[in-house]
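Peer 1: Below are the sequence and a predicted model for it; my questions follow.
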Amino acid sequence: MLDMLKKTLLIIVLCMGYLCHAEDSTVVVNVNKGVLKPVSIAINAYEPSEQLREKMLKVINNDLQSTFLFRSIPEAAFLQNLRGVAVQPNFALWKTINSQYLANLEIHREGGLLKASMVIYDVLGETAVGRFSISAAENSWRKIAHRIANNIYERITGEQGYFDTKILYVSVQKKNRSKIHRIALMDQDGHNHEFLTGGESLVLTPRYAPNGQEISYFTYQEKIVNGRRVPIAGCVYRLNLLTQRHELLARFQGMTYAPRYSPSGNLLVFSLSRGGSSSIYTLDLLTKRVTRLTKGRCIDTSPCYSPDGKYIVFNSDRGGTQQIYIMDADGSNVRRLSFGKGRYATPVWSPRGDWIAFTKFGKDGFFIGVIRPDGSGERMLASGNLVEGPTWSPNGRVIMFSHQDYANREKIFSVDITGYNKHEIATPYNAIDPEWSTHQL
Amino acid sequence: MNKKAEKLLALAGLALLAACECPKDPQVITPVVIDDESLRGSAADFIANAGDRVFYDYDKSTLSQESEATLLRQVEWLNKHESRKVLVEGHCDPRGTREYNIGLGERRANAAAKFLLDHGISQDRVRTISYGKDRPIEAQGTQEEVYRLNRVAISVIE
């Protein structure tokens, strides 16, 4: 009841253009409605080594500003220059520079560890709204900075932070007349970039296992004939991220593709194409038992479980053109979800269960959209030539997707569920098939 | 590729160019006389004298009359060269999602392969694979023409 009251109050306050605070954690930015004017925040940080302070501040400010929900006030504008968590803010001075929030941050090295403490203040309310502390190995300074940004985001928006997550994607590098496809992994801000495959074979659609320690991906098994790579089959491999071991997971007669794990991590759902038709199957990863879920002379693909594992959403051309369907996890009770003009594809269930993101295309162009699992509330969030393949942030409030422009440049973009803040995610080469990790770094 | 094969492919290219004056079907083949014994039965011979690809409409896998004519020449060629096997690759233009296009590419490859099987080529000589939209065919021309050339099943002699 109190939560409902807070949310209602929040919406009213937002509509009036004011800011307010709650006793425990202040929620003033409604991520669901979109914010055109960012909240201003001053991060007043103390750390004996100026170099580390600068580096960590840069990460924190980049994280917050990448959401377009926050505006960081530059230190040069600060009127109160005393630093440290014990410093009592002079709210009048922070109000003078129009800082709506203040984060007093203190970082120390202690016994090989980096320790950070923070107090967040609502400047207008002249009160502390959150306290946070963290310690980790010194070389984990980026992780600590992301966690600090998470905490600020959580205190002010009420939503789970996502700055300490990873993005898995397929890097596409043009070389002479061919393309090198490699699975790549990076922090959500583009740092710590690494390639997970060598580029020998075409790889597509990497997907995280729920435990974050394993991925599955589509590739071609090949043999070398007269110095040429000749495909044997399209199949699904898995890669253990800890041991770096690649292992064949699913290969059947025909094309085995479109893998995705169940929320429990015990099942892999995928498509198997044979004789001109693609059907959806599951593979029990423990018993290796294979179960067919759909049948018919159609292409059923891009299956994705609901977060509770009870349903599977997929796209199918069984009705003549590609549309989105939902079925129970055992393959029963299939019902059509999309009824708009055009073709619907690549449905992906939000981690919160409240929305299904999809690709839509037709005469009007290409779109990334969302729809409620009951078929209501359909709206488009982004458009562009050949946009496709949405993936959700762990808090279910941001979507990344692929976009190929008219010059055949393929890049990953991010957009809020509000439809605002569409921006490109920097990658070394062209990039397709993004997959957002559900776990922390 | 050796020089003889290159020469043969160049001749095949000329034949295709001549054929392109015919508006609908770039796969109309003007037979190339092969006077070099070593090239008979080669992949280049197949491309030059049978035609290695059939084209499809957007989101379709139906064989046109022209496609069936090409496939009949492939059957004839495979019957002449019984030791040769064929891999049929299915491709799609980029106006479809990646995973669906793997299914559609397989459907196209299967349509061409089924024609070969239905006309007597044994199953152990025909394989299929789908590249969806991720192994695009390099082509020059308008966007529509490039798209058209990517909606294709290509028979590759193994």
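Peer 2: Received the coordinates, thanks.
Peer 1: how about residue A:44, what does it touch?
Peer 2: Applying C-beta atoms under 8 Å, 6 or more residues apart in numbering or on different chains, we find residue A:44 in contact with A:75, A:78, A:80, A:83, A:87, A:102-105. Any C-beta I mention is one placed from the backbone N, CA and C, and that applies to glycine too.
Peer 1: and residue B:61, how many neighbours?
Peer 2: 19 (other C-beta atoms under 10 Å in any protein chain shown).
Peer 1: Just to check, it is in contact with residue A:276?
Peer 2: Yes - counting by C-beta atoms under 8 Å, residue B:61 sits close enough to residue A:276 to count as a contact (6.7 Å).
Peer 1: Check which helix or strand residue A:369 maps to.
Peer 2: strand A:365-371 (DSSP states H and E).
Peer 1: packing partners for that strand?
Peer 2: strand A:356-362, strand A:379-383, strand A:387-392, strand A:398-404 (3 or more C-beta pairs under 8 Å, 6 or more residues apart in numbering or on different chains; DSSP states H and E).
Peer 1: Return the set of buried residues in the second one.
Peer 2: Buried residues in strand A:379-383, defined by neighbour count with 16 or more other C-beta atoms under 10 Å in any protein chain shown: A:381-383.
Peer 1: Up against chain B, what does the stretch 151-300 of chain A have?
Peer 2: Residues of the stretch 151-300 of chain A found near chain B (C-beta under 8 Å from any C-beta of the partner chain) are A:177, A:181, A:202, A:204-205, A:218, A:220, A:225, A:230-231, A:233-234, A:254-255, A:257-258, A:271, A:273-278, A:299.
Peer 1: swap the cut-off to 7 Å and go again
Peer 2: Contacts of the stretch 151-300 of chain A with chain B, taken as C-beta under 7 Å from any C-beta of the partner chain, map to A:177, A:202, A:204-205, A:230-231, A:234, A:254-255, A:257-258, A:271, A:273, A:275-276, A:278, A:299.
Peer 1: just checking, what's the longest helix in chain B?
Peer 2: If you go by DSSP state H, chain B has its longest helix at helix B:98-118.
Peer 1: Can you tell me what sits against the helix or strand just after that helix?
Peer 2: Counting by DSSP H and E, the element after helix B:98-118 in chain order, helix or strand, is strand B:126-132. Here strand B:126-132 makes contact (C-beta atoms under 7 Å, 6 or more residues apart in numbering or on different chains) with A:231, A:234, A:255, A:273, B:86-92, B:98, B:101-102, B:105-106, B:109-110, B:113, B:116-117.
Peer 1: Filter these down to the buried ones, PyMOL style.
Peer 2: The PyMOL command for the buried members of these (criterion: 16+ other C-beta under 10 Å) is given here:
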select buried, (chain A and resi 231+234+255+273) or (chain B and resi 86+87+88+89+90+91+92+98+101+102+105+106+109+110+113+116)
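Peer 1: Please list all residues in contact with residue A:282.
Peer 2: By C-beta under 7 Å, 6+ apart, residue A:282 lies in contact with A:267-269, A:291, A:293.
Peer 1: go on, residue A:84?
Peer 2: Counting by C-beta under 7 Å, 6+ apart, residue A:84 touches A:46, A:104, A:106.
Peer 1: all helices of chain B, in order?
Peer 2: Going by DSSP H, chain B shows helices at B:3-20, B:43-49, B:65-80, B:98-118, B:143-150.
Peer 1: most neighbours per residue, which of those helices?
Peer 2: helix B:98-118 (a mean of 26; mean count of other C-beta atoms under 10 Å in any protein chain shown).
Peer 1: So for that helix, mean pLDDT?
Peer 2: Helix B:98-118 shows a mean pLDDT of 98.
Peer 1: coming back round to it: please pick the buried ones from the residues of the stretch 151-300 of chain A next to chain B.
Peer 2: Among these, those buried by neighbour count (16+ other C-beta under 10 Å) are A:202, A:204-205, A:231, A:234, A:254-255, A:257-258, A:271, A:273, A:276, A:278, A:299.
Peer 1: And the contacts of residue A:44, which two are furthest apart?
Peer 2: A:75 and A:87 (14.7 Å; C-beta to C-beta).
Peer 1: Common neighbours of residue B:61 and residue A:276, please.
Peer 2: Common contact partners of residue B:61 and residue A:276 (C-beta under 7 Å, 6+ apart): B:107, B:111.
Peer 1: hmm, back to that, next, give me the two most distant ones among the contacts of residue A:282.
Peer 2: With C-beta to C-beta as the measure, no two of the contacts of residue A:282 lie farther apart than A:268 and A:293, at 12.2 Å.
Peer 1: and those two? which has more neighbours close in?
Peer 2: More crowded of residue A:268 and residue A:293, by other C-beta under 10 Å: residue A:268, with 23 against 20.
Peer 1: That one: helix or strand, and which one exactly?
Peer 2: Using DSSP H and E, residue A:268 sits within strand A:267-274.
Peer 1: what are the pairing partners of that strand, and which direction each?
Peer 2: strand A:255-261 (antiparallel), strand A:277-284 (antiparallel) (DSSP bridges).
Peer 1: now those strands as JSON lines including mean pLDDT?
Peer 2: Shown next, in JSON lines, are the strands paired with strand A:267-274 (pLDDT from 0 to 100):
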{"stretch": "strand A:255-261", "mean pLDDT": "97"}
{"stretch": "strand A:277-284", "mean pLDDT": "98"}
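Peer 1: Quick one: these as CSV, columns for distance to residue A:411 too.
Peer 2: Shown next, in CSV, are the strands paired with strand A:267-274 (distance: least, C-beta to C-beta, whole Å):
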stretch, distance to residue A:411
strand A:255-261, 22
strand A:277-284, 28
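Peer 1: Among those, which comes closest to residue B:37?
Peer 2: Judging the strands paired with strand A:267-274 by C-beta to C-beta, what sits closest to residue B:37 is strand A:255-261, at 38.4 Å.
Peer 1: which intervals of chain A have sub-threshold pLDDT?
Peer 2: Residue ranges of chain A with pLDDT under 70: A:1-36, A:439-441.
Peer 1: re earlier: could you tell me the least trusted of the helices of chain B?
Peer 2: Lowest mean pLDDT of the helices of chain B: helix B:3-20, a mean of 48.
Peer 1: which other residues reach the helix or strand hosting residue A:169?
Peer 2: According to DSSP H and E, residue A:169 maps onto strand A:166-175. With contacts defined as C-beta under 7 Å, 6+ apart, strand A:166-175 is touched by A:179-188, A:195, A:203-204, A:206, A:208, A:215, A:400, A:410, A:412, A:427-437, A:441.
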